[in-house]
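[1] Structure, please.
(2 chains)
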Amino acid sequence: MADQQRTGDLGAGISRREFLKGSGISAAATALARAPVEALTQEQTEKAVAGFGPGPVTCRLTVNGTVYTTHIEPRVTLLDALRNYLDITGPKRVCDRGTCGACTVLLNGKPIYSCTMFALEAQGQPIETPENLYREGQLHPVPAAFVQFDAQQCGYCTPGFVMAMKAAFDRDPRPSPGQVEAALAGNICRCGTYQQMRDALRALCQAYQNKPKGG
Amino acid sequence: MPESKWPEKRRIIGTKVPRVDGPAKATGTAKYGSDINRQGMLHAMILRSPYAHARIRKIDTSGVSKVPGVQAIFDIRKEGDEVFYAGDEILGVAADTEEHARDALRAIRIEYEVLDFIVKEEDALANPAKGTVPASKEGNVRPGGERTEGDVAQAFREADAVVEGTYGVPVQTHVCLESHGLVAEWDKDGGLTVWCSTQATDGTAGGLAQYFRIPAARVNCITHYMGGGYGSKFGADVQGNVAAELARKTQKPVKLFLDRDEEHLAVGNRPSAHARVKIAGTKDGKITAFEADIYGTPGIGNAAGVNLLVLPYVYGVPNVKLNNRIVRLNAGAARAMRAPGHPQNCFITESAVDDLCNKLGLDPLKVRLQNLPNNFLKPIYEREIEIAAELSEWSKKWHPPGKGPARGVLKHGIGMALHTWGGAGHGPNDVRITINADGSVLAQCSTQDLGTGERTVLPIVVAEVLGLDVRDITVQIGESRFGRSTGSGGSTTCPSTAPAALNAAAAARDELFKKIAPRLDTTPDKLAIEPGKIVDRSSGKSWTWKQACARLGMDSVQASGNWSPGLSSQGVGGVQVAEVLVDTETGVVRCTRIVAVQDCGMIINKLACESQVAGGVIMGINYALFEERILDRHTGRMVNPDLEFYKLGGILDMPEIVVHMVDMPERGVIGIGEPPTISTAAAIGNAVCNAIGVRVSTTPFTPDKVLAALAQRSA
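    Next up, the predicted model:
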């Protein structure tokens, strides 16, 4: 158990989006340098390596406020753990390599490509999936705007866009339309609903501007 | 008899109605086929050939026994068989987890005899006798048809201007975001249920019944939601049959959805088209002759990219000579893709028309007006060109090629293109309606929603007829057991199912009147529907919908309707104007604005209609600027079977898109899915030429090609 907890710590904060900011190797090195590798004794390191797989290990994920325990091989991505092991299928698998954004979830409130993170790395951190924005018949303003302005057709990319847009409004409660658009640049829609997304995000920016501070 | 007339006064039809399934889709609670997880379900994958052409010498699956969790293998090909493209199917494997299925594929050893292959059109044309694809004893290049009208030779001699050019579009893949595939589950009695990503539930169920030789009544194909098809998802396909075979073998549910690379390789694409064109005209802008020598590739498929019957595209040209060749390659077979044949036809024709205009020194808008076809579309085009000219400020913004305003190295260009499509409704498409004594209404049909908003079409029409609101209608679609449907191809879904819904609703209303009239002390002919209520026209008495339905007591109303003639029609036009900024230093083309003017007869849901048009435009922008399947001559493989190097534009790449719908309710319903994607690439191509004064002859208009064209101009 302790070993798995450590894995979670090692992986904290490494998201595909951050990873992509630099060249692969340097970004990975940076991320690793931030982890408390030096603090591990040789013995602990060996134990840690021996502890993971290749067979299934216990994985605890906190999704939309609920703690799920499952048994997965360490190679399983967060996306596949959600979809194949926890039946949380709002995040979609489209490119499976961190390009299209259909698998976007919020990890610690930050949007990440869940196809490009191991599930074990996401342990111990709150994960929010699109399903969380529609609870007990209550629709969050972001997906509500997608519906109102028809910013979806087949809908397969939409949950990813919705999460990326929600993250933009979470980060800055009064963003400009340009800032929100930029926050969607890591997502791809094939049916071509960008024009309607612009209508939706402009209306949302307006609504958020008019909100009292702290609201 | 149900009435076969649209209501003259329409409360809901033609207004903007948000999708009824919008909240579920936007929050990921809608369950697509690929989201289905069944108890004890296995995961399956397909082993594919890494070679563009090979004979399978030996299949050794012994290594699989060391992989945990593998439950079954199904041979698609046997030893001695040939495979014809990199990605061709060899066998399927089912395991307890996706990870183990992947391991199993790695553990299988295939011995290949690698054979000669051709993956480039120019290589096949240079060796026309060499056959490397199925049934190619005569070589890979086949005649693809000819068409002659009038006398082009004489017309070229008499013309004021003759222009020659080459124009081409490469292979584009569908890139459905939900991959092809299904979940298959057999019940104990030999019945099969599949959750399939398809644009034809009825056809897919029928195909599976035939394949497995079981009664059609025992197969249910469920497609409650599907993540894009664009013409590529009309059946269970190899992967669907394999999943069902593995499910039968193991007696467990099996899920098989393809990976992204398989999507690019194996399940369809839009064929390329390259044309050498000679076009002629008079000095006042009448096009007199069009000659084209064309080739294109359908991969190992058989159908060519262009449609000779509508080439030259849109315009009436008296003298025509066409010759087409089909260049078959060791690559995945082409399939229908959003307006098959038309974007290629449009690009070839509209590029040549603009080059002729440029040579004659004429405004391309005026030349287009002079060459419109002599049929019912002529006045529609005239109206649409006028609207497009106004919305795009054409007369202010158009300038002779290369002579426009520039901001430093950024050159402005504007271009126009026209398109047409059929649409049309047909049967059999059943809509079934149940009215219950509590007033609740259920509408069902087997048609699936590709993303066009089909789930909202039904309640709009039914609510209109029954005097209710859209939210009062419960809708169930996308299960083959709900009746017959013809599949979503050719932009025919809305024009087929909206009339069926009208007929079903009218039949349900009449049946309701028949059942409740005696209990309301009146006769059915005196009853009528008004919003929210039922009225007796002779006595003036009225009952709310619920009060009236309550008179059904223990009974309910069941009615159904099919498509019938007179409620739909076919044939649409469309005009698009594109503006671009071309960076003459980097070669980057940025599309800054598109005006799309489109008719589609009677509009059912204006909100979804406008979405379709904007979406079609965006697919056209991708075709113009980004998309290309690239095959490697040396390895025979696709080098970009992904979404990093097979480029699709994101929101920041997209221009402002102005959509104008021309509502023509008197024509009945016509489809809208395909037409708006046709002319975008051609309009952008003409805008690029207008910006830099030289033609970039093939899409995508990538910086290398733009810079090469500019260099050629300077030289």
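
[2] Do you know the pLDDT at whatever residue of the stretch 201-350 of chain B ends up closest to chain A?
    Of all residues in the stretch 201-350 of chain B, residue B:227 sits closest to chain A, at 3.1 Å by Cβ to the nearest Cβ. Using the backbone N, CA and C atoms, a C-beta is placed for each residue, glycine as well. pLDDT recorded at residue B:227 is 98.

[3] Quick check: it vs residue B:72, distance?
    According to Cβ to Cβ, to the nearest Å, residue B:227 stands 27 Å off from residue B:72.

[4] So for the two, which residue has more residues nearby?
    Neighbours per residue, other Cβ atoms under 10 Å in any protein chain shown: of residue B:227 and residue B:72, the larger number sits with residue B:227, 28 against 19.

[5] Let me know the helix or strand that that one is in.
    Under the criterion of DSSP states H and E, residue B:227 resides outside all helices and strands.

[6] How about the residue in chain A that chain B sits nearest to: what's its closest non-neighbour residue?
    Taking Cβ to the nearest Cβ, chain B has its nearest neighbour within chain A at residue A:90, 2.2 Å off. Using Cβ to Cβ, 6 or more residues apart in numbering or on different chains and skipping the chain neighbours, the partner closest in space to residue A:90 is residue B:28 (2.2 Å).

[7] can you check residue A:193 too?
    Nearest residue to residue A:193, sequence neighbours excluded (Cβ to Cβ, 6+ apart): residue A:151, at 5.0 Å.

[8] Phi, psi for whichever residue of the stretch 501-650 of chain B sits closest to chain A please.
    Closest approach between the stretch 501-650 of chain B and chain A, counting by Cβ to the nearest Cβ: residue B:618, at 2.9 Å. Geometry field for residue B:618 lists phi and psi as phi -70, psi -40, criterion degrees, to the nearest 10.

[9] I figured it was touching residue B:657, is that so?
    Yes - at 7.4 Å, residue B:618 counts as touching residue B:657 under the criterion of Cβ atoms under 8 Å.

[10] Need the overlap of contacts for the two.
    residue A:195 (Cβ atoms under 8 Å, 6 or more residues apart in numbering or on different chains).

[11] Share the number of residues neighbouring the residue in the stretch 1-150 of chain B that chain A sits nearest to, please.
    Closest residue of the stretch 1-150 of chain B to chain A, Cβ to the nearest Cβ: residue B:28 (2.2 Å). By other Cβ under 10 Å, 30 other residues sit near residue B:28.

[12] what's the helix or strand for it?
    Using DSSP H and E, no helix or strand contains residue B:28.

[13] Model confidence score at it, please.
    The model reports residue B:28 with a pLDDT of 98.

[14] How about residue A:14?
    The predicted local confidence for residue A:14 is 38.

[15] Can you list the low-confidence ranges for chain A?
    Applying pLDDT under 70 to chain A flags residues A:1-51, A:212-215.

[16] Spell out, range by range, the strands that occur in it.
    With DSSP state E, the ranges of strands along chain A come out as A:57-63, A:66-72, A:104-107, A:110-113, A:126-128, A:134-135, A:138-139.

[17] need these in JSON lines with mean neighbour count and distance to residue B:82, can you?
    Listed next are those as JSON lines, based on neighbours: other Cβ atoms under 10 Å in any protein chain shown; distance: least, Cβ to Cβ, whole Å:
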{"stretch": "strand A:57-63", "mean neighbour count": "19", "distance to residue B:82": "44"}
{"stretch": "strand A:66-72", "mean neighbour count": "14", "distance to residue B:82": "40"}
{"stretch": "strand A:104-107", "mean neighbour count": "26", "distance to residue B:82": "42"}
{"stretch": "strand A:110-113", "mean neighbour count": "25", "distance to residue B:82": "39"}
{"stretch": "strand A:126-128", "mean neighbour count": "20", "distance to residue B:82": "48"}
{"stretch": "strand A:134-135", "mean neighbour count": "16", "distance to residue B:82": "51"}
{"stretch": "strand A:138-139", "mean neighbour count": "13", "distance to residue B:82": "54"}
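
[18] which SS class is the residue in the stretch 451-600 of chain B positioned nearest to chain A?
    Shortest the stretch 451-600 of chain B-to-chain A distance, computed as Cβ to the nearest Cβ: residue-wise this is residue B:451, at 3.2 Å. Of the three states, residue B:451 takes coil under DSSP: H, G, I helix; E, B strand; the rest coil.

[19] residues contacting it?
    Applying Cβ under 8 Å, 6+ apart, the residues near residue B:451 are A:152, A:153, A:154, A:155, A:191, B:226, B:227, B:228.

[20] try 10 Å
    When contacts are counted by Cβ atoms under 10 Å, 6 or more residues apart in numbering or on different chains, residue B:451 touches A:152-156, A:158, A:190-191, A:193, B:19, B:25, B:176-177, B:199, B:225-230, B:488, B:608, B:611-612, B:615, B:673.

[21] Now, those residues that are in helices?
    In helices, defined here by DSSP state H, the members of the contacts of residue B:451 are A:158, B:25, B:608, B:611, B:612, B:615.

[22] Dump those residues into JSON lines; add distance to residue B:189 and neighbour count as well.
    Putting these into JSON lines (distance: Cβ to Cβ, whole Å; neighbours: other Cβ atoms under 10 Å in any protein chain shown) gives the following:
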{"residue": "A:158", "distance to residue B:189": "38", "neighbour count": "33"}
{"residue": "B:25", "distance to residue B:189": "34", "neighbour count": "28"}
{"residue": "B:608", "distance to residue B:189": "40", "neighbour count": "24"}
{"residue": "B:611", "distance to residue B:189": "43", "neighbour count": "27"}
{"residue": "B:612", "distance to residue B:189": "42", "neighbour count": "30"}
{"residue": "B:615", "distance to residue B:189": "43", "neighbour count": "27"}
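
[23] Now tabulate those in CSV and tack on distance to residue B:538.
    Formatted as CSV, those follow (distance: Cβ to Cβ, whole Å):
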residue, distance to residue B:538
A:158, 51
B:25, 47
B:608, 40
B:611, 45
B:612, 45
B:615, 50
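
[24] Residue B:129 is in contact with residue B:140, isn't it?
    Yes - using Cβ atoms under 10 Å as the test, residue B:129 is close enough to residue B:140 to be in contact (8.8 Å).

[25] What residues sit buried inside stretch B:565-582?
    For stretch B:565-582, burial by neighbour count (16 or more other Cβ atoms under 10 Å in any protein chain shown) applies to B:567-582.

[26] cool, stretch A:70-89 as well?
    For stretch A:70-89, burial by neighbour count (16+ other Cβ under 10 Å) applies to A:70, A:72-74, A:76-86, A:88-89.

[27] How about stretch B:251-262?
    For stretch B:251-262, by 16+ other Cβ under 10 Å, it's B:252, B:253, B:254, B:255, B:256, B:257, B:258, B:259, B:260, B:261, B:262.

[28] Return the subset of the residues you listed lying in strands.
    Counting by DSSP E, the part of the buried residues of stretch B:251-262 found in strands is B:254, B:255, B:256, B:257.

[29] how far does stretch B:366-383 stretch from start to finish?
    13 Å (Cα to Cα, to the nearest Å).

[30] Now it: average pLDDT?
    97.

[31] So what's the gap between that stretch and the chain middle?
    26 Å (Cα atoms, centre = their mean, to the nearest Å).

[32] Pull up the gap between the nearest residue to residue B:21 once chain neighbours are set aside and residue B:17, please.
    Leaving aside its sequence neighbours, residue B:21 sits nearest to residue B:455 (Cβ to Cβ, 6+ apart; 5.0 Å). For residue B:455, the distance to residue B:17 equals 11 Å [Cβ to Cβ].

[33] that older thread, what's near enough to touch the residue nearest to residue A:90?
    Neighbour list for residue B:28: A:88-92, A:102, A:105, A:129-134, A:143, A:155-156, A:158-160, A:162-163, B:35 [criterion: Cβ under 10 Å, 6+ apart].
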